[in-house]
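>>> what would the 3D arrangement of this be:
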Amino acid sequence: MIQRIQSVYLALVVILSLLGLCLPMAQYFDGVDMVSSFNNFRYVSEAKGATADFGPCALGILQIIVALITIVAILLFHFRMRQLRLIIFSTILLVGVVGYYALLAWKFQQMTDATFHLCTAAIFPVLNIILNCMAIHGIRKDEALVRSLDRLR
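Just a heads-up that it's a prediction; the model follows:
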């Protein structure tokens, strides 16, 4: 049923994924002044007198794909095993998002030689992984309950 607890977890994954698209992921400070900003679609740097603006769009695209897969998984509540596979795939994508984000953050830190500060949106992919794991646990519990009831008939 769509009112199961795993649907709530998956709805939170969708909300956090879409909210993470709008908020900055990290900021780089040179002393007191912010020299660059980094979000899912753009990296804007004003360090060393030059303005550089380029986009790490893969992070944003992966976040959108995770949100779409999660919406499809919510709607597949009748097919628990298919829903489980989609959520596992979404979790793998989120691990890729976290790894790619760490790589880009390190790369941008090397470019600017500034102090790196995480923003709130940087923890959203990690929270999404945790929520996906909780949803997987709920789906497996539901599947075990259905299988046990089938044996009693």
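>>> looking at the protein, which helix or strand does the model trust least?
strand 52-54 (a mean of 57; mean pLDDT, DSSP states H and E).
>>> let me see the mean pLDDT of the next helix or strand after that one.
Downstream of strand 52-54, the first helix or strand assigned by DSSP states H and E is helix 57-75. Per-residue pLDDT over helix 57-75 has a mean of 91.
>>> contacting residues around helix 57-75?
Helix 57-75 is touched from outside by 2, 7, 10-11, 13-14, 17-18, 20-21, 25, 40-41, 83, 86-87, 89-90, 93-94, 96-97, 100-101, 104, 125, 128, with contacts defined as C-beta atoms under 8 Å, 6 or more residues apart in numbering. (C-beta placed from N, C-alpha, C; glycine too.)
>>> please pick the buried ones from those.
Buried members of the contacts of helix 57-75, scored by 16 or more other C-beta atoms under 10 Å, are 7, 10-11, 13-14, 17, 20-21, 25, 40, 83, 86-87, 90, 93-94, 97, 101, 104, 125, 128.
>>> just the ones in helices from those residues, please.
Counting by DSSP state H, the part of the buried ones among the contacts of helix 57-75 found in helices is 7, 10-11, 13-14, 17, 20-21, 83, 86-87, 90, 93-94, 97, 101, 104, 125, 128.
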